[in-house]
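Test case, fold it:
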Amino acid sequence: MDWSGIRIQADRLHASLQRMAEIGATPGGGVTRLALSDEDRAGRELLRQWMTEAGLSVRVDDLGNMVGRRDGREDLPPVQLGSHCDSVRLGGRFDGVLGVLGALEVVRTLNDHGIATRHPIEVINWTNEEGVRFEPAMLASGVVTGRFTREYAYDRQDADGLRFEDELRRIGYLGEEANRPGRAAAYLELHIEQGPVLEDAGVPVGAVEGIVGITWMEVTVIGQSDHAGPSPMRLRRDPLVAAARIIDAVDRLARGQDDVAVGTVGRMRVEPNTINTIPGRVVFSVDLRHPDPATLEAMVERFRQQVAEIAEAGKVEATVDRFWTSEATPFAPEVVQAVQEAIDALGLPNRRLWSGAGHDAKYVADVSPAGMIFVRSQGGLSHAEKEYSTPEDIEAGVNVLLGATLRLAGA
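Numbering: from 1, shown residues only. Have a look, this model is predicted:
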């Protein structure tokens, strides 16, 4: 059968995206659908319904990962299409969920045309990709691929002290270990770019060659809390002043490295956090990223030295806890090539790029040939209510996913 002219039903895809965006909708047009929240449960129930209606057999594993399976003509390893439905707070309506519902639309399209593939196809909704409620990010895919233990994941707590395992049970998605996604013939993840590269190039869709290295640290600075009035400036041991200088050092470190290094401080806690009191303790996050492992390690070492120097000058104590690292990961050439061929077959312009953000595909690449497809993000915005990709770019991205799937699964 010649399937070169087959395309998805764009109206059906956009309707599904709109319906899912109503769950956890925010006033600014985004979503808040935190992992294992009531909103996450509602989204899962809707996804389960749609998977079942598309003829997929649905299973849930012990991390809450949802897998919808479409059998192939032969008993072969599946081609997996996955992403996530959880969001950050006040996030966008396409981040993650586009990959899940785009994969569902691929299955629906195959059903429409009566196409049977040699390999089974599995649609996966990974749990807690964002790592906003339960740190670290990509927690469930990390357990499945051997990066973390189940016990480690189960003991993660949110800001209210609620445990991952308990919340998984509460929303009714604590399944069986036997239901975990297995090794795949190939894994594909469709995602918005979350950056400006494709927009700058004037290209709607890109083939992703790999994911940069990411490391997360928590810095704690301890000084002397005191009254803001009677304490002379020359005698102060102010941890917030030292923290401000460290944060500036993060920015200068990344800017001074090269054009691809990035550094971010996104979270801070000041104690006691009152207007007329010198703080006694400040805790904040540091996120460093680079595609070259040696360069990333050198950045971390330089940062530690800068923290020590600033702490000594400010007469405060400072510690750096490097609690999570995701190494740079190049994707499988054969999967990247399948994506490229699908792009070429649609007559779209060519642009390959690396991902500056972490995705579940990073951990899946440890055990299966993996790749990603990026859809242009307007303004490069993501993790924000104003995140936006045009309907035309989204349609192009899912059609690329369809074409790559047909090539990898053996239509």
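
so what's residue 1 scoring on pLDDT?
Note for residue 1: predicted pLDDT of 59.

Kindly apply the preceding question to residue 225 instead.
pLDDT for residue 225: 97.

surely it meets residue 280?
Yes: between residue 225 and residue 280 there is a contact under Cβ atoms under 8 Å: 3.0 Å. (C-beta placed from N, C-alpha, C; glycine too.)

For residue 41, give me its contacts.
With contacts defined as Cβ atoms under 8 Å, 6 or more residues apart in numbering, the neighbours of residue 41 are 171-173.

and which of those is nearest to residue 342?
In terms of Cβ to Cβ, no member of these lies closer to residue 342 than residue 173, at 32.7 Å.

does that closest one sit in a helix, a strand or a coil?
Recorded secondary structure, residue 173: coil (DSSP: H, G, I helix; E, B strand; the rest coil).

Would you mind measuring from it to residue 22?
From residue 173 across to residue 22, the span is 20 Å (Cβ to Cβ, to the nearest Å).

cool, residue 297 as well?
Taking Cβ to Cβ as the measure, residue 297 falls 44 Å from residue 22.

So between the two, which is more surrounded?
For residue 297 versus residue 22, neighbours defined as other Cβ atoms under 10 Å are more numerous around residue 297 (15 against 12).

pLDDT value on residue 51, please?
98.

Which residue, other than its chain neighbours, is closest to it?
residue 68 (3.8 Å; Cβ to Cβ, 6 or more residues apart in numbering).

give me the element that neighbour is part of.
Under the criterion of DSSP states H and E, residue 68 resides in strand 66-70.

Determine the next helix or strand in the C-terminal direction from that strand.
Under the assignment DSSP H and E, the closest C-terminal helix or strand after strand 66-70 is strand 79-84.

So in the chain, which helix runs the longest?
Counting residues, the longest helix found in the chain (DSSP state H) is helix 293-314.

Report the mean confidence score over it.
Average pLDDT, helix 293-314: 98.

Please state the offset of that helix from the chain centre?
Mean-position distance between helix 293-314 and its chain equals 27 Å (Cα atoms, centre = their mean, to the nearest Å).

Could I get the CA-only coordinates of the helix or strand just after that helix as CSV?
Once the chain leaves helix 293-314, the next helix or strand it forms, by DSSP H and E, is strand 317-326. Extracted as CSV, the C-alpha positions of strand 317-326 are listed here (Å, rounded to 0.1, in the frame of the first residue of the first chain):
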residue,chain,number,x,y,z
GLU,A,317,28.8,29.5,55.3
ALA,A,318,27.8,28.1,52.0
THR,A,319,27.3,24.6,50.7
VAL,A,320,26.5,23.2,47.3
ASP,A,321,24.4,20.0,46.9
ARG,A,322,24.6,18.7,43.4
PHE,A,323,21.5,16.4,43.6
TRP,A,324,20.7,15.6,39.9
THR,A,325,22.6,15.4,36.6
SER,A,326,21.3,14.3,33.2
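
which residues of the stretch 101-250 of the chain fall in strands?
Remark: strands assigned in the stretch 101-250 of the chain by DSSP state E, counting those that start in this stretch are 121-126, 186-192, 205-211, 213-222, 226-227.

Indicate which one of those strands is closest to residue 90.
Taking Cβ to Cβ, strand 186-192 is the member of these nearest to residue 90, at 16.1 Å.

between that closest one and strand 121-126, how big is the angle?
50 degrees (axes from the mean of the first three to the mean of the last three Cα atoms, to 10 degrees).

Paired strands for strand 186-192, with orientation please.
strand 79-84 (parallel), strand 370-375 (parallel) (DSSP bridges).

tell me what the helix or strand just after the last one is packed against?
Helices and strands here follow DSSP H and E; after strand 370-375, the next one along the chain is helix 391-409. Counting contacts by 3 or more Cβ pairs under 8 Å, 6 or more residues apart in numbering; DSSP states H and E, helix 391-409 packs against helix 10-21, strand 79-84, helix 97-112, strand 186-192, strand 205-211, helix 333-345, strand 370-375.

I'd like the mean pLDDT over the fifth one, please.
Averaged across strand 205-211, pLDDT comes to 96.

can you check the fourth one too?
Per-residue pLDDT over strand 186-192 has a mean of 98.

low pLDDT regions in this protein?
Along the chain, the parts satisfying pLDDT under 70 run over 1.

quick one: contacts for the residue most central in space within it?
In the chain, the centroid-proximal residue (Cα atoms, centre = their mean) is residue 359; its distance is 4.0 Å. By Cβ under 8 Å, 6+ apart, the contact set of residue 359 is 83, 129, 138, 189, 191, 211, 372.

got it, and residue 334?
Residues near residue 334 by Cβ under 8 Å, 6+ apart: 186, 369.

Repeat that for residue 76.
118-120, 185.

for the contacts of residue 359, which one is nearest residue 394?
The closest of those to residue 394 turns out to be residue 191 (Cβ to Cβ; 11.3 Å).
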